[in-house]
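show me the folded form of this:
(one chain, ligands or ions: 2)
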Amino acid sequence: MKSKVYVKAAEFVGHPKLTDFKIIEQEVSEDLQDGEILTEAVCISPDPYTRVWKIDVGQEFIGFQLARILKSKNAEYPEGSLVLQQTGWRTITKSKGEQAWYTCDDLPKNIPQSSAVGVLGMPGVTAHYGLLTFCEPKKGETVMVTGAAGAVGTIVGQIAKILGCRVIGCCGSDEKVEYVKSIGFDAAFNYKTSDWDKALTEAAPDGIDCYFDNVGGKMSSTVMNKMNPNGRVAVCGSISSYNSTEPDMAPVIQLNVVVKCLRITGLLVFNNSDKKGSYNDLKKWLEEGRIQTRETVSKGFENIPQAFMNMLKGGNIGKAVVVL
Ligand SMILES: NC(=O)C1=CN([C@@H]2O[C@H](COP(=O)(O)OP(=O)(O)OC[C@H]3O[C@@H](n4cnc5c(N)ncnc54)[C@H](OP(=O)(O)O)[C@@H]3O)[C@@H](O)[C@H]2O)C=CC1
Ligand SMILES: O=C(O)CCC[C@H](O)\C=C/C=C/C=C/C(=O)C/C=C\CCCCCO
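Residues are numbered from 1 along each chain as shown. Ligands and ions are numbered 1, 2, ... in the order given. Down below sits the predicted model:
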């Protein structure tokens, strides 16, 4: 079979460009050895980490996909199943399932199949693991989320509401602000048009206990000023600097950290040893209607780079997905 595969054609400088990507064709044999599976992608996930992950020019582009198993000699991944796997931006893949996270044959009926790369994929698992493990939110506490309208942020906010917290967030347009309020955020502001200090004071009159940080930079320094004593900060991402060509500058935070005894922890989703446990909790909440999901859908393999570039510039509400 022929597989279409994206390779990196040039190093990124600032925001990625279409010319930084190239499609090549690979021949993939349909003959399987014991343990092997042959898959065809049904949905590709453009994710921010692939902007900063080390991928050499000429190397295949990395990333998550939802795929249908066409043939299998592996009992764990049977023919016909859907599988979430980190096999990159490619159509046909032969593997031993070593890049698979889990099969997704039990997706809730009330959500699109592509949710398997969103709320039930790497971003949703990140939100669940990151919030519960590193922020440890308690009922009545205030949780602040940056990147609130995105794939991770929308789920962090909704889980925090389920736990009985006051949830506030910021995002990059008035439409996004209205969206996050519609899914339960108690307050939100457009960071492109607001006075951050004033907006945070209004949104969190009792201060912030938990900060789920997707964005980093100056916004995070501003949030630190509003943290309560013994507050917890989960540093999940730093997207404000992913496309920067110069080092970002932000006010120092150390005095806040010392005086308030803040706990700041970086997290990586692949260190979550119970990804399927996160999946199961999220699936239950989706079925119960306690979590809503939204996607910004692009169509076609040839449109993956454009969807990726749009997402990095804030063109998505909820999860950016590419359906093939
Ligand atoms: N640590 C881990 O294991 C993981 C970390 N992450 C991180 O979580 C974060 C969110 O990822 P994800 O939910 O998939 O992506 P999103 O769906 O949130 O999409 C990215 C969003 O980032 C926002 N953004 C872009 N540039 C800036 C900027 N300069 N300042 C502020 N916001 C900006 C845009 O929203 P807006 O319009 O609001 O600006 C854009 O929509 C990223 O930092 C990512 O690296 C994700 C998964 C796992
Ligand atoms: O997709 C692959 O094949 C690479 C491994 C992916 C990993 O196992 C799964 C998920 C990782 C998600 C990370 C998400 C982030 O946004 C983390 C933020 C930045 C990471 C930068 C790392 C740079 C290393 O070169």
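
in stretch 227-245, what's buried?
For stretch 227-245, the neighbour count (16 or more other Cβ atoms under 10 Å) marks 227-228, 231-240, 242-243 as buried. Using the backbone N, CA and C atoms, a C-beta is placed for each residue, glycine as well.

out of those residues, which is nearest to ligand 1?
Ligand 1 lies nearest to Gly237 out of the buried residues of stretch 227-245, by Cβ to the nearest ligand atom, at 1.9 Å.

spell out the residue ranges of the helices in the stretch 201-324 of the chain.
Read by DSSP state H, counting those that start in this stretch, the stretch 201-324 of the chain holds these helices, from start to end of the chain: 217-224, 254-259, 275-287, 304-312.

of the ones you listed, which is nearest ligand 1?
With Cβ to the nearest ligand atom as the yardstick, what comes closest out of the helices of the stretch 201-324 of the chain is helix 304-312 (5.0 Å).

picking that back up, can you redo the buried residues of stretch 227-245 as CSV with distance to ligand 2 and pLDDT?
Listed next are these as CSV, based on distance: Cβ to the nearest ligand atom, whole Å; pLDDT from 0 to 100:
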residue, distance to ligand 2, pLDDT
Met227, 22, 98
Asn228, 27, 98
Gly231, 22, 98
Arg232, 19, 98
Val233, 16, 98
Ala234, 12, 98
Val235, 10, 98
Cys236, 7, 98
Gly237, 5, 98
Ser238, 7, 98
Ile239, 8, 98
Ser240, 12, 98
Tyr242, 8, 98
Asn243, 13, 98
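
quick check: the farthest pair among the residues you listed?
Asn228 and Asn243 (32.4 Å; Cβ to Cβ).

contacting ligand 1 as well, which ones from the buried residues of stretch 227-245?
236-240 (Cβ under 6 Å from any ligand atom).

out of the residues you listed, which sit inside strands?
Among these, no member is found in strands (DSSP state E).

now do Ala75 against ligand 1, distance only.
30 Å (Cβ to the nearest ligand atom, to the nearest Å).

could you do Ile55 as well?
15 Å.

and that residue, what is it in contact with?
By Cβ atoms under 8 Å, 6 or more residues apart in numbering, the contact set of Ile55 is 8, 61-62.

and Tyr102, by the same measure?
Listed by Cβ under 8 Å, 6+ apart, the contact partners of Tyr102 are 83-84, 275-276, 279.

thinking again about what came up before, can the helices of the stretch 201-324 of the chain go into JSON lines with extra columns for distance to ligand 1?
What follows is the helices of the stretch 201-324 of the chain, written out as JSON lines (distance: least, Cβ to the nearest ligand atom, whole Å):
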{"stretch": "helix 217-224", "distance to ligand 1": "7"}
{"stretch": "helix 254-259", "distance to ligand 1": "20"}
{"stretch": "helix 275-287", "distance to ligand 1": "11"}
{"stretch": "helix 304-312", "distance to ligand 1": "5"}
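
next, count neighbours for the residue in the stretch 201-324 of the chain that ligand 2 sits nearest to.
Of all residues in the stretch 201-324 of the chain, Phe270 sits closest to ligand 2, at 3.9 Å by Cβ to the nearest ligand atom. When neighbours are counted by other Cβ atoms under 10 Å, Phe270 registers 13.
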